[in-house]
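Sequence first, then the predicted structure:
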Amino acid sequence: MATDDVSPERSLAESANLEELRRRERELADFIENASVGLHWVGADGTILWANQAELDLLGYAREEYIGSKISEFHADRDVISDILRRLMNRETLHNYEARLRCKDGSVRHVLISSNVMWEGEKFVHTRCFTRDITERKRAEDELRESRRQLEELLKREQSARAEAEQANRLKDEFLAVVSHELRTPLTAILGWAHMLRVKRFDEQSTASALETIERNARAQSQLIDDLLDVSRIITGNLRLDVRQVEPGSFIGAAVEALRPAAEAKGVRIQKAMDTGVVSVAGDPARLQQVVWNLLSNAIKFTPRGGKVQVRLERVDSHIELAVSDTGVGIRAEFLPHVFDRFRQADQKTTRHHGGLGLGLAIVRHLVELHGGTVEAASPGEGQGATFVVKLPIVPVYQKETLAGRVHPAAGEEPPAYDCPERLDGLKVLVADDEVDTRELLKVGIGQCGAEVVTAGSAREALAALDETRPDLLISDIGMPGEDGYELIRKVRALPAGRGGKVPAIALTAYARTEDRLRALRAGYQMHVSKPVELAELVAVMASLIGRGDRAE
């Protein structure tokens, strides 16, 4: 039998190859051991079989503390281990799996783990895991995320502050426009009738009527000024109270009686339900009467004809409750939280149905709080009335008369003529204004200059009168209920010339800002005249406008 002998050359070659293989294995082992990325092997039962120095340095453990331990002991989130093993057993290869590892010093490091399994057939031998530290990156991301959150919060606050500032500025402008309107409106009647009294001799009846109109409008303006001064004193902290012991029935009764004629003229019933066992409160009688007067006046203003206003007073424990309720227009739910705010009105438009500055309820709240009480408003909604409840602490009884409130008398008769600066003979004039006194003043004053004057109390009435009378000139207020003067002139200008679409028009209004004038001119008026205005000036403007404008066919 022949035997193959291994040649010495072949034996030397194999020995050299084996040595080269061992050298490469040592180099690979040294490379892995000293790699900058953490490496570790984990057995099928979760035991750490091997780890390189980078892995040990990352977590701060000695080799004997780490190798041989369960890998779950070093994960900050135990459910991560079960998820990793489940996926590896399904022969998945993990790439950059995010986890948190607990260090020896108690700190936690954020890492990315990439791992696969060494299989021998169907046998799970061990996992080979690469661990990359991303703690600083996570910290930077968290800081960036927090910075963005803070920036977004700052932006939201800045936007909110800007919106509040814009809202406050808008409310201020609207309030100033309303103040101008409300102060100028009575001035129109006052100055107009005063001028007519000065230039002409009136009979006794006409003089009394003119003086009555002047007085009524002067009182209305005085109330507006009083409200403005009260708000100014409240804001600056200069409002002083003459506090004494007062029986509530006295100031409530005085306020009710002062406003009863106004309520009866409007067809609104006032009912009182007074607890006879109520004792006294400490307060300024005049200011407490002002509280009741404002609440009652507000209730009467917003209650339609045939409605009812009830005043109820009762004792509840150590305080009294004064409730003023009505069957009026009610308060919208979104406006209810703002009903006592200064410079806020539910209806800020030029078409608002009710005059005033919207300060009455703000004054009520401040006066009640100065007396140590509270005031609340409630309403089921629009068209369902409203209730205001004032609560004041009780003290021993002391009765004192309080000042009566103001009563607004009805309009009087028209006075005779005055000397006209221009003759308007044969001129047909349509006057649209919701204020009775202003309409009557213009009808008489312009009429005495030879013009035929037709009046209308609303935009709707004015459109009907325009179609019926075909006037040569239209004079309209801007702030009217329902449709304002802007809407009126737009509808007029939409008409054909034969139906009055080109009638010359003057806006005679208490809205006297520059933007109000520009808005009136853009809407279609040829002239904008601010209230109050001298009748002579208005007549001159009318004559000038008719001389330049085209009369309606």
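Noted; the coordinates are in hand. Predicted model only: the values in this text are computed from it and were never measured.

Low-confidence ranges, the stretch 251-400 of the chain, go.
276-278, 342-358, 395-400 (pLDDT under 70).

Now do the strands in it.
Taking DSSP state E, counting those that start in this stretch as the criterion, the stretch 251-400 of the chain contains strands spanning 269-274, 280-283, 308-316, 319-326, 374-378, 386-395.

what comes into contact with the last one?
By Cβ atoms under 8 Å, 6 or more residues apart in numbering, the list of residues contacting strand 386-395 from outside reads 245, 248, 279-283, 288, 291, 295, 298-299, 302, 315-316, 318-326, 328, 330-331, 361, 364, 368, 371-379. (Each C-beta comes from the backbone N, C-alpha and C, glycine too.)

Kindly calculate the angle that it makes with strand 374-378.
Counting by axes from the mean of the first three to the mean of the last three Cα atoms, to 10 degrees, strand 386-395 lies at 160 degrees to strand 374-378.

Okay, now the sheet partners of strand 386-395, with direction.
Listed by DSSP bridges, the sheet partners of strand 386-395 and their directions read strand 280-283 (antiparallel), strand 319-326 (antiparallel), strand 374-378 (antiparallel).

same deal with the third one?
Applying DSSP bridges, strand 308-316 is found paired with strand 269-274 (parallel), strand 319-326 (antiparallel).

among the ones you listed, which is nearest L211?
Among these, strand 269-274 comes nearest to L211, with 29.0 Å by Cβ to Cβ.

Next, the buried residues of the helix or strand containing E487.
Secondary-structure element containing E487, defined by DSSP states H and E: helix 485-493. Residues of helix 485-493 classed as buried: G485, Y486, E487, L488, I489, K491, V492 (neighbour count, 16 or more other Cβ atoms under 10 Å).

Let me know whether the fifth one touches S476 as I believe.
Yes - with contacts counted by Cβ atoms under 8 Å, I489 reaches S476, the gap being 6.8 Å.

Please identify every residue contacting each of these two.
Going by Cβ under 8 Å, 6+ apart, residues that sit against I489 and also against S476 are A505, A507, Y525.

Tell me which residues touch the first one, please.
The one in question is A505. For A505, the contact set (Cβ under 8 Å, 6+ apart) comprises L473, L474, I475, S476, I489, V492, G524, Y525, Q526, M527.

Output those in JSON lines; the columns should cover distance to L94.
JSON lines is the format used below for the contacts of A505 (distance: Cβ to Cβ, whole Å):
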{"residue": "L473", "distance to L94": "90"}
{"residue": "L474", "distance to L94": "85"}
{"residue": "I475", "distance to L94": "86"}
{"residue": "S476", "distance to L94": "81"}
{"residue": "I489", "distance to L94": "77"}
{"residue": "V492", "distance to L94": "80"}
{"residue": "G524", "distance to L94": "76"}
{"residue": "Y525", "distance to L94": "79"}
{"residue": "Q526", "distance to L94": "83"}
{"residue": "M527", "distance to L94": "84"}
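
I'd like the shared contacts of I489 and S476 laid out as TSV, including distance to P337.
Shown next, in TSV, are the shared contacts of I489 and S476 (distance: Cβ to Cβ, whole Å):
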residue	distance to P337
A505	41
A507	36
Y525	38
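
Now go through these and say which are in strands.
If you go by DSSP state E, these have A505, A507 in strands.

what angle do the helix or strand that contains L463 and helix 485-493 make?
When elements are defined using DSSP H and E, L463 is found to belong to helix 459-469. Orientation of helix 459-469 against helix 485-493 (the same axes, to 10 degrees) gives an angle of 30 degrees.

For helix 459-469, buried residues please.
Taking 16+ other Cβ under 10 Å as the basis for neighbour counts, the residues of helix 459-469 that come out buried are A459, E461, A462, L463, A465, L466.

Would you mind giving those residues as a markdown table with distance to E27 and pLDDT added?
Written out in a markdown table, the entries for the buried residues of helix 459-469 read as follows (distance: Cβ to Cβ, whole Å; pLDDT from 0 to 100):
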| residue | distance to E27 | pLDDT |
| --- | --- | --- |
| A459 | 99 | 92 |
| E461 | 106 | 94 |
| A462 | 104 | 94 |
| L463 | 103 | 94 |
| A465 | 109 | 93 |
| L466 | 106 | 93 |
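
re earlier: now, which of the contacts of A505 sits nearest D30?
Proximity to D30 was ranked across those by Cβ to Cβ; first place goes to G524, at 94.9 Å.

Tell me who's in contact with the closest one.
The neighbourhood of G524, defined by Cβ under 8 Å, 6+ apart, consists of I489, R490, V492, R493, A505.

What is the most widely separated pair among those?
Of all the pairs that the contacts of G524 form, the one spanning the most space (Cβ to Cβ) is R490 and A505, at 11.1 Å.

What is the burial count for W119?
Per other Cβ atoms under 10 Å, the neighbour tally for W119 reads 11.

Doesn't it belong to a strand?
Yes - under DSSP: H, G, I helix; E, B strand; the rest coil, W119 falls within a strand.

Dig out what it forms beta bridges with.
When assigned by DSSP bridges, W119 has beta-bridge partners F124.

how far away is it from C103?
Here the distance between W119 and C103 works out to 32 Å (Cβ to Cβ, to the nearest Å).

and what of N90?
In this structure, N90 lies at 30 Å from C103, with Cβ to Cβ as the measure.

Over to D133?
Relative to C103, D133 is positioned 11 Å away (criterion: Cβ to Cβ).

higher neighbour count, the two?
D133 (19 against 15).

Alright, calling it a day.
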